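> could you look at this predicted model? Sequence included:
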Amino acid sequence: TILVIGANGQIGTALLPRLQTMYGFGNVIATDIRQTGHEEAIFEVLDATNVTALADIVQRHGVTQIYHLAAVLSAKGEADPLWAWNLNMQTLLNVLEIGRTFNLNKVFVPSSIAAFGEHAPKEETPQSSVLDPATVYGISKVAAENWSVYYHKRYKLDVRSLRYPGVISYQSMPGGGTTDYAVAIYHEAIQGHHFECFLAADTRLPMIYMDDALRATLELMEAPADNITIRTSYNLAGMSFTPAELTASIQQHFPDFKVTYAPDFRQAIADSWPKSIDDSVARQDWGWKPAFDLPKMTHEMITHLNELYHVTA
Ligand code: VAH
């Protein structure tokens, strides 16, 4: 039985149906801090900072794997650093401790390109680059990577992790991230609105389409344990683009779409991150290969969002 923590979030929302298809509807338990949506799932309200509540759910459902997808993201974390740190770390340590004490088969703990900072190479950032993050979110990801290694080495807990780039999806809105502009921009374009971008036009960031992000996650989790040589977190790449390039790809479909730029505090966060990622270790260890480039993603996003907004293309 698989437990998803943060099932209402951007990744959880999209991952849930995949897990249900792969492992059977009755073998996937969705949890989040409150119940919104997911009427289609077995759902439990869970505050993952509460280890007793987490243990109770794991026990009652005979959980064998956890996907820990609850976190405060980069931009939101900067508004209240200690709250973000406490939430991200407490939930992580609870998941790892439950993994150890209940002898879980596998645990998935996401990291992010936000783990990199000023001193990592910006282009094709290597797997083993120095990690000196600029945000509380990034600090919590680096700590999570080190804790994951610790639990794997010391307790043989099979913790696996990906350093996600910005994830772009139509299924739900992300909340509180620096890469969120790349989702919001599609929603505005579809509705015929103008879009004001909170990052400068030439801010290149690593991104990935949700379909690729989910496939990477499931391929990593299905790989034989012996193939997993990285227990901190795997670099993962999909594509890299700037707001100007994303705008141009949307204008292929909506020639009149207009974007203006008003960079705010999130610009400094974006500037501290890599522009592109070297994911060759993931390719070697478990055969990772992205399928979506920018034009293909834009086509898919517009198709799905058209259905959502009931616009006929
Ligand atoms: C954020 N989407 O913007 C997240 C992320 C790559 C960045 O981890 O905070």
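Yep, it's here.
> return the residues of the stretch 151-300 of the chain in contact with the ligand.
For the stretch 151-300 of the chain, the residues in contact with the ligand (C-beta under 6 Å from any ligand atom) are 164-166, 177-179. C-beta coordinates here come from the backbone N, C-alpha and C atoms, glycine included.
> what is the nearest of those to the ligand?
Relative to the ligand, the closest of these is Gly177; by C-beta to the nearest ligand atom it sits at 2.7 Å.
> contacting residues for Gln20?
By C-beta atoms under 8 Å, 6 or more residues apart in numbering, the contact list for Gln20 reads 28, 41.
> which pair of the residues of the stretch 151-300 of the chain next to the ligand spans the longest distance?
Taking C-beta to C-beta, the two most distant members of those are Tyr164 and Thr178; they sit 12.6 Å apart.
> mind listing what's buried along the helix or strand hosting Thr52?
For Thr52, the host element (DSSP states H and E) is helix 51-61. For helix 51-61, a neighbour-count test (16 or more other C-beta atoms under 10 Å) marks 51, 53-55, 57-58, 61 as buried.
> Ile29: which element?
Per DSSP H and E, Ile29 falls inside strand 28-32.
> can you redo the buried residues of helix 51-61 as a markdown table with distance to Val107?
Formatted as a markdown table, the buried residues of helix 51-61 follow (distance: C-beta to C-beta, whole Å):
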| residue | distance to Val107 |
| --- | --- |
| Val51 | 15 |
| Ala53 | 17 |
| Leu54 | 12 |
| Ala55 | 14 |
| Ile57 | 15 |
| Val58 | 11 |
| His61 | 15 |
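> turn the residues you listed into a markdown table, columns for pLDDT and distance to Asn146.
Formatted as a markdown table, the buried residues of helix 51-61 follow (pLDDT from 0 to 100; distance: C-beta to C-beta, whole Å):
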| residue | pLDDT | distance to Asn146 |
| --- | --- | --- |
| Val51 | 98 | 20 |
| Ala53 | 98 | 26 |
| Leu54 | 98 | 21 |
| Ala55 | 98 | 24 |
| Ile57 | 98 | 26 |
| Val58 | 98 | 24 |
| His61 | 98 | 29 |
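> tell me which of these is nearest to Tyr150?
Proximity of the buried residues of helix 51-61 to Tyr150 was ranked by C-beta to C-beta; the top entry is Val51 with 17.7 Å.
> test my guess that that closest one contacts Leu96.
No - the criterion here is C-beta atoms under 8 Å, and Val51 misses it with Leu96 at 10.6 Å.
> number of residues surrounding the closest residue to Trp286 other than its chain neighbours?
Closest residue in space to Trp286, ignoring its immediate chain neighbours: Ala223 at 3.9 Å, by C-beta to C-beta, 6 or more residues apart in numbering. When counting by other C-beta atoms under 10 Å, one arrives at 16 neighbours for Ala223.
> likewise for Pro263?
16.
> which residue comes closest to it once chain neighbours are left out?
The spatial neighbour of Pro263 that comes closest, neighbours along the chain excluded (C-beta to C-beta, 6+ apart), is Ala200 at 4.8 Å.
> and the strand holding Ile29, how far out from the chain middle?
For strand 28-32, the separation from the chain centroid amounts to 17 Å (computed by C-alpha atoms, centre = their mean, to the nearest Å).
> who does it pair up with?
Sheet pairing of strand 28-32 (DSSP bridges) gives strand 2-5 (parallel), strand 42-45 (parallel).
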